[in-house]
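J.: I would like to see how this sequence folds:
(2 chains)
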Number of protein chains: 2
Amino acid sequence: MNDVNWSTKEKEAAQEAFDKAYTREIESLVEEVRQKVAHISEIDEIWKLHDFLSAKRHEIDGKYDYSYSALIFVFSQLLKEGWLTLEELHVLDREKLAKISALARM
Amino acid sequence: MNDVNWSTKEKEAAQEAFDKAYTREIESLVEEVRQKVAHISEIDEIWKLHDFLSAKRHEIDGKYDYSYSALIFVFSQLLKEGWLTLEELHVLDREKLAKISALARM
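T.: Numbers count the residues shown, from 1 in each chain, chains lettered A, B, ... in the order given. You can find the predicted model right below:
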């Protein structure tokens, strides 16, 4: 699925939903890091926190791929993980929504 | 300078001072990370924090080299950076102390 399958309105809504999910996930990550740092009691836990952030960065960089060929999978993943709701994607056409929600249930 | 130049008493004191400096530096780092995380307001600052931790880990891993051939340099560096005082190394013989404090002033 390339970008000719996406109307201008869909593209705008997709970009907005994508950014919203990213912001939510990062805000949640910042909160998680705050909690972890607040509870560091052993010296080496700072390096565990660094390992945790390295893994998260790798995961998030890989996940947020804004290309129209990947977007259906990206959205289904974000839906599955709770960073987006199906309602927030309602501008997308029926076929895309069906694919996204089917993939999210897998 | 290899380990035959270090008496048992000196080795014990060196290990203790080394560990003390490491603990201080890491505790200070944890506090710095807490401050940074508390003041994150922009999304991408979490990755700046990750970059900061990566650089610190690299720097600290390189600096804390407990080998008797490196220890004079290591202690002079820790002295210079304020993680140790010369008083905390007073068990070391006069020659080692002179080298350490001369290097720390460079």
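J.: pLDDT at the residue positioned nearest the centre of chain A, what is it?
T.: What sits nearest the mean C-alpha location of chain A, by Cα atoms, centre = their mean, is A:Leu78, with 4.4 Å. On pLDDT, A:Leu78 comes in at 98.
J.: does chain B have contacts with the helix or strand containing it?
T.: Assigned by DSSP states H and E, A:Leu78 falls within helix A:71-80. No - applying Cβ under 8 Å from any Cβ of the partner chain, one finds helix A:71-80 separated from chain B by no less than 15.9 Å. All C-beta spots, glycine's among them, are computed from the backbone N, C-alpha and C.
J.: low-confidence ranges, chain A, go.
T.: Counting by pLDDT under 70, chain A contains low-confidence ranges at A:1-3.
J.: where does it come near chain B, residue by residue?
T.: Residues of chain A lying near chain B (Cβ under 8 Å from any Cβ): A:22-23, A:26-27, A:29-30, A:33-34, A:37-38, A:40, A:43, A:46-47, A:49-50, A:53-54, A:57.
J.: returning to what we had before: and the helix holding A:Leu78, how far out from the chain's middle?
T.: Counting by Cα atoms, centre = their mean, to the nearest Å, helix A:71-80 is centred 7 Å from the centre of its parent chain.
J.: for it, buried residues please.
T.: Using 16 or more other Cβ atoms under 10 Å in any protein chain shown as the test for burial, helix A:71-80 gives A:Leu71, A:Ile72, A:Phe73, A:Val74, A:Phe75, A:Ser76, A:Gln77, A:Leu78, A:Leu79.
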